[in-house]
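> Sequence first, predicted coordinates after that:
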Protein chains: 2
Amino acid sequence: MIRILLADDEHLIRGAMAALLSLEDDLEVVAQAATGAEALAVARAVRPDVAVIDLQMPDLDGVSVAQALSADLPTCGTMIVTSYGRPGHLKRALAAGVRGFLPKTVSSDVLATVVRTVHSGGRYVDPALAAEAISAGDSPLTPREADVLELALEGAPVDEIARRASLSPGTVRNYLSSAVGKTGASNRHEAARFARAKGWI
Amino acid sequence: MIRILLADDEHLIRGAMAALLSLEDDLEVVAQAATGAEALAVARAVRPDVAVIDLQMPDLDGVSVAQALSADLPTCGTMIVTSYGRPGHLKRALAAGVRGFLPKTVSSDVLATVVRTVHSGGRYVDPALAAEAISAGDSPLTPREADVLELALEGAPVDEIARRASLSPGTVRNYLSSAVGKTGASNRHEAARFARAKGWI
DNA sequence: CCCCGCGCATGACATCTGTCATGGGGAACT
DNA sequence: AGTTCCCCATGACAGATGTCATGCGCGGGG
């Protein structure tokens, strides 16, 4: 019997997935959580065999949870399920020790199969997501450029970005300009959106 | 027995919800669809009592489907389920004849209850979403301002917006300026994000 | 050891944006 | 008929932004 922890902030989905996984004879949902922090706490208590974690949750995101989990409970396989996957997430997730990465568009038997794969020490990444990640390539942005671009995402003016990043406005403009060049965009907002889509920020 | 059509592009979720609804004695999922167009086609064929539709789908969005459905099959109650609800959606949905509107964070028995409510001609809107919608208020934007702001969402420069909207750049800037004023933002990108969050665009 | 890339900064310049005044035309309502 | 609101446009100006050159210090790789 594979003991599963299910973390997803959408009760409906979580309940439904639990119902679905419980239909399998060798799977058992032993715990559920609605937030990242809750997932961690519960995981420490019940020590599941596999943790199925939603990428987007109110507090900690799925990757952070996975990271903490793989440090805390090395025996617990972690997998991420997400409605909307960007390439960068996949990369970060893999780096965090996640062994399964699926979009929610997969069918339920795939989910069950992957749970088993992860439990037995294997890996599984959705082919479509993998292809996307490969085509997105590595980020050409320097860490600082990425930081600044991220702050630019919300549409803040340069001065505010500068304040938030503790940089001089001029420096911010340099980074931004460089990022705009690298992304082929025509302004920072477009560049930020592009980088976001690629998963670079 | 209430005959249900389930439309959601996420197979996993759809399957799981179907499993969940089928647990209820008086509910029966008679059809499923993964896209808006498919949902319409299937609905015409099976004539369900209630259609449970996801808001975000690849082609037509849930509200459009609901609209078409209420014209095609007036006896079929429609309800929208969504992971992330913006106020504007709720308003549009209600106008399209939707009688149930729920976030996916609700529990499964609420879902079942609402299916029954909608089937018996009642209405149900998630209280939290309703509150949000009320607090968001009506859009202060004129139709043109909304159009232009929407084009600005992607971060395009003014000239491109002007071309895409068939307006002179000067006019675009006027609309943008006015929209920025109305939203209290400090530039159009922020204004666009704000309007988006409010569901105005 | 030296070079390169990065982080950080400044200054200067051209362009883009945001704002405001102004005006004509049309629809709607009083 | 008058008022008001919206659509569309132009022109002008200030401030924000994008670009480029230049400089300094630092650390890693050749």
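Done, it's in. Residues are numbered from 1 along each chain as shown, chains lettered A, B, ... in the order given.

> And the strands in chain A?
A:2-7, A:27-33, A:50-54, A:77-82, A:100-103, A:124-125 (DSSP state E).

> out of those strands, nearest to A:S135?
Checking those against A:S135 by CB to CB gives strand A:124-125 as the closest, at 14.2 Å. To be clear about C-beta, it is placed using only N, CA and C from the backbone, and glycine gets the same treatment.

> How many neighbouring residues does the residue of chain A at minimum distance from DNA strand C have?
The nearest approach of chain A to DNA strand C comes at A:G170, 2.3 Å away (CB to the nearest atom of the strand). By other CB atoms under 10 Å in any protein chain shown, 10 other residues sit near A:G170.

> how much does the lowest-mean-pLDDT helix or strand in chain A deviate in direction from strand A:77-82?
Lowest by mean pLDDT, DSSP states H and E among the helices and strands of chain A is helix A:87-95, with a mean of 83. Going by axes from the mean of the first three to the mean of the last three CA atoms, to 10 degrees, helix A:87-95 is angled at 170 degrees with respect to strand A:77-82.

> What residues of helix A:87-95 count as buried?
By neighbour count with 16 or more other CB atoms under 10 Å in any protein chain shown, helix A:87-95 contains the buried residues A:P87, A:G88, A:H89, A:L90, A:K91, A:R92, A:A93, A:L94.

> A:I201 reaches A:R193, doesn't it?
No - in this structure A:I201 lies outside contact range of A:R193 using CB atoms under 8 Å: 10.0 Å.

> Comparing those two, which shows the higher neighbour count?
Per other CB under 10 Å, whichever of A:I201 and A:R193 has more neighbours is A:I201, with 24 against 20.

> and the more buried one, what pLDDT?
In this prediction, A:I201 carries a pLDDT score of 85.

> Return the residues in contact with it.
A:I201 makes contact with A:G88, A:L141, A:A146, A:L149, A:E150, A:L153, A:A192, A:A195, according to CB atoms under 8 Å, 6 or more residues apart in numbering or on different chains.

> who's in contact with the fourth one?
With contacts taken as CB under 8 Å, 6+ apart, A:L149 has the following neighbours: A:L141, A:Y175, A:L176, A:A179, A:R188, A:A191, A:A192, A:A195, A:W200, A:I201.

> can you narrow those residues to ones near DNA strand D?
A:L176, A:R188 (CB under 7 Å from any atom of the strand).

> Can you tell me which of the buried residues of helix A:87-95 is nearest A:S107?
A:L90 (19.9 Å).

> Skipping adjacent residues, who's closest to that closest one in space?
Nearest residue to A:L90 in three dimensions, chain neighbours excluded: A:A133, at 4.7 Å (CB to CB, 6 or more residues apart in numbering or on different chains).
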